[in-house]
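> generate coordinates for the sequence data below:
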Amino acid sequence: MKRYVSVFILFMFFVPISGIAKTSTINVKQDRALLRKGPGSFYEVLAAVPKGTVLSVVESLRGWIKVKFQKKTGFISEKVTKEAMSQKDVFSMMAFQPAALQLSRHGMSAGAKGFAMRFAKRINGNNQLIDQFSAYQLNPELYEHFKDETYKNQNLPKLRKRFPIAKVEVRSDFSMIEEGIGLGIASKIGTLQLYDNKPITDYINLVGNLLVEATPGYDLSFKFFVIDQPFANAYACPSGYIFITKGLLQLIENEGELAAVLGHEIAHVVYQHGMQELEKRKPIIIAEDAFSKLNEEMPQEKDDKYNKLESELDDFALAVYETIFSGRLSQYELEADRFGMVFAARCGYQPGSMAGLLERMIKSQTLSGNDHYTQEQNKKRLDNIQSALNSGRWKGNFNNFEKRWQTYMAHLK
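This is a model prediction of the structure:
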């Protein structure tokens with residue numbers, strides 16, 4: 001009897017400790033910590049939490065921390081509790097400013113929108129599309145249902161463990177400049193004619209965000225759109241705007257192949273392919289208050305510092321735009337395929353699905369209009385993927401969801 005009493009007392013002693021752990025605090029150590037409505041990068045942004053803020057923790061969930069900030073309860077990425085990445089990339093060289101934390105109802109800063117609108121004008125983009133892209137939101141309930149359906153016959157922790165991703169430092173948010181450049185370029189791609197079909201757009205975003213969760217950039221916001229063009233192509237813009245053409249969708253035969261294409265484009269953004277060679281240019285260091293002037297209403301009088309900044313940013317954005325439309329270096333395409341295979345496998349898709357798509361494109365001599373899917377590039381990519389598959393690492397019980405693909409593609413007209 002004494003033994004049971006002792007156990008009961010010991011249990012009661014540990015209950016308060018557990019309660020204290022649930023109400024612990026964390027310190028935000030990065031400049032931009034986005035508070036989201038749910039534990040996923042597609043959830044609505046509720047607020048931007050300044051660096052140095054101490055937050056009360058409610059619970060932790062899959063790389064996300066549920067916290068209380070002011071009068072709001074939401075989720076932030078675990079990454080923001082660590083110091084910002086030390087490796088300086090082309091965008092992290094461009095300093096964040098306090099003004100960046102003032103977000104619009106779409107979670108977009110005025111500075112990013114202002115620059116996107118001006119740059120869109122330079123490249124003949126469509127400013128009306130900027131709000132349309134920013135406003136798109138994936139339905140969380142639809143996504144959770146889709147996710148449960150995808151993994152109901154899979155052991156997700158086992159998949160993640162079997163196909164690990166390289167430990168690299170990936171920031172927890174896109175910079176203002178990255179966001180502005182990405183939106184500006186997206187407004188240009190959108191002029192090729194967006195495919196206005198909500199079931200198809202939602203489906204592409206369901207598969208795309210499933211893949212995003214499996215990457216080191218799980219907390220970066222991605223949005224996926226379809227271009228109503230017959231040629232086969234896909235584009236990845238800075239700040240996570242990804243496009244796939246209707247022509248490429250018509251060549252794809254199952255959801256695994258779609259995952260391979262989207263995983264490839266996601267890798268370009270997460271690992272900043274095409275941006276690395278731009279680092280050789282003179283670094284653009286933002287003056288203390290200059291970027292805050294890049295708002296929706298341009299200042300009436302522009303000083304020399306502002307004019308210099310405006311010119312540097314425009315030139316840099318144009319170089320990014322040209323890289324996306326002319327095609328990245330071959331090494332980046334091959335690397336994106338390798339990462340795409342890992343992302344697909346971590347979601348339970350057949351990792352070699354891209355091979356079948358490339359084979360059909362080579363056989364049919366499908367044209368893409370640039371260097372993304374040329375015959376020569378497709379053959380290099382196919383050889384690279386087949387070589388990886390021969391290693392034997394990729395065997396397993398995968399599912400490419402042919403029936404689900406056919407159900408959704410019945411909406412493709």
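
> quick one: contacts for the most centrally placed residue in the chain?
Residue closest to the mean C-alpha point of the chain, counted by Cα atoms, centre = their mean, is residue 222 at 3.7 Å. Applying Cβ atoms under 8 Å, 6 or more residues apart in numbering to residue 222 gives the contacts 41, 42, 208, 209, 212, 240, 241, 242, 266, 269. From N, CA and C alone the C-beta is placed, and that goes for glycine too.

> phi first, then psi, for it.
In terms of degrees, to the nearest 10, the main-chain angles of residue 222 are phi -120, psi 140.

> nearest residue to it in space, please, no chain neighbours.
residue 240 (3.9 Å; Cβ to Cβ, 6 or more residues apart in numbering).

> residue contacts, that neighbour?
Taking Cβ under 8 Å, 6+ apart, we find residue 240 in contact with 174, 182, 220, 221, 222, 223, 269.

> also residue 126?
By Cβ under 8 Å, 6+ apart, the contact set of residue 126 is 120, 187, 188, 190, 191.

> hmm, 7 Å instead?
Neighbouring residues of residue 126 by Cβ atoms under 7 Å, 6 or more residues apart in numbering: 120, 187, 190, 191.

> same thing with residue 347?
210, 211, 214, 259.

> how does it look with 6 Å?
210, 211, 214 (Cβ atoms under 6 Å, 6 or more residues apart in numbering).

> do the same with residue 207
Contacts of residue 207 (Cβ under 6 Å, 6+ apart): 258, 259.

> and the gap between it and residue 31?
31 Å (Cβ to Cβ, to the nearest Å).

> the chain: strands as residue ranges?
For the chain, the strands defined by DSSP state E cover 25-27, 33-36, 45-49, 54-61, 64-69, 72-77, 223-227, 234-237, 241-245.

> low-confidence ranges, this protein, go.
Low-confidence segments of the chain (pLDDT under 70): 1-23, 85-108, 170, 274-309, 327-329, 367-373.

> got the domain ranges for it?
2-81, 98-277+323-409 (automatic domain parsing).

> can I get the ones you listed in JSON lines with distance to residue 315?
Output for those, formatted as JSON lines (distance: least, Cβ to Cβ, whole Å):
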{"stretch": "domain 2-81", "distance to residue 315": "25"}
{"stretch": "domain 98-277+323-409", "distance to residue 315": "10"}
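
> deepest in the core, which of these is it.
Of the domains of the chain, the one with the most neighbours on average (mean count of other Cβ atoms under 10 Å) is domain 98-277+323-409, at a mean of 19.

> quick one, helices of the stretch 301-413 of the chain?
304-326, 330-346, 353-364, 375-389, 402-409 (DSSP state H, counting those that start in this stretch).

> contacting residues around residue 112?
With Cβ under 6 Å, 6+ apart, residue 112 has these contacts: 176, 179, 180.
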